[in-house]
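Peer 1: Provided below are the primary sequence and the corresponding predicted coordinates.
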Amino acid sequence: MAVPLTENKFNRPENFSASDFFIDNLLPTIEGKEGRIPLVINGDTRALDDICQHCFFGHYLQERTSTQAVFLLEKDMLHTYVPHLLLPYGKSIQIIEPVSLKQRLIEVLSELIKFHQVI
């Protein structure tokens, strides 16, 4: 079925970003700080730049310096998605808070090691 052409036109707003539009509509908004946990990461500037520009992390960024980034996330996100998203950064970053995320990252790495040790 063909879509008929019409005289209607859509004028794209100046400074419109499709990426920002989708992220703003896909990820939950941060309306209050209740139930949210700060994720504090230290690292080299390039790694932190990359993390802060990531479509997921950038949405939750609260503070940023040249050596540290602070995000405000829900606890369940911290222990499910975040460890896997941070693994590729290896030793270029260090999780400062929360300690529970450091422990979860160790669990994820241990599971990965065990998986690859199976012959």
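Peer 2: Done, it's in.

Peer 1: thought residue 39 was touching residue 71?
Peer 2: Yes. The pair residue 39 / residue 71 is scored as a contact, 4.4 Å apart, by CB atoms under 8 Å. Just so you know, the C-beta spots here come from the backbone N, C-alpha and C atoms, and that holds for glycine as well.

Peer 1: anything in contact with each of those two?
Peer 2: Common neighbours of residue 39 and residue 71, counting by CB atoms under 8 Å, 6 or more residues apart in numbering, are residue 60.

Peer 1: Give me the residue at the spatial middle of this structure.
Peer 2: residue 57 (2.6 Å; CA atoms, centre = their mean).

Peer 1: Return the distance of that one relative to residue 48.
Peer 2: Residue 57 sits 10 Å away from residue 48 when distances are taken as CB to CB, to the nearest Å.

Peer 1: same thing with residue 119?
Peer 2: For residue 119, the distance to residue 48 equals 38 Å [CB to CB].

Peer 1: When these two are compared, which one has more neighbours?
Peer 2: Per other CB atoms under 10 Å, whichever of residue 119 and residue 48 has more neighbours is residue 48, with 22 against 3.

Peer 1: Mind pulling up the pLDDT for that one?
Peer 2: Per-residue confidence (pLDDT) for residue 48: 97.

Peer 1: these two touch, right, it and residue 94?
Peer 2: No. Using CB under 8 Å, residue 48 makes no contact with residue 94, being 10.9 Å away.

Peer 1: Tell me which stretches of the chain form helices.
Peer 2: 18-26, 45-53, 57-60, 75-80, 82-86, 99-117 (DSSP state H).

Peer 1: Compare these and give me the one nearest residue 8.
Peer 2: Ranking the helices of the chain by proximity to residue 8 (CB to CB) places helix 18-26 first, at 19.9 Å.

Peer 1: what's next to stretch 56-70, contact-wise?
Peer 2: Contacts of stretch 56-70 (CB under 8 Å, 6+ apart): 23-24, 27, 30, 38-45, 48, 51-52, 71-73, 81, 85, 96.

Peer 1: Throw together a ChimeraX command that grabs the buried residues out of those residues.
Peer 2: Here is the ChimeraX command that selects only those of the contacts of stretch 56-70 that count as buried (16 or more other CB atoms under 10 Å):
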select :38,39,40,41,43,48,51,71,73,96
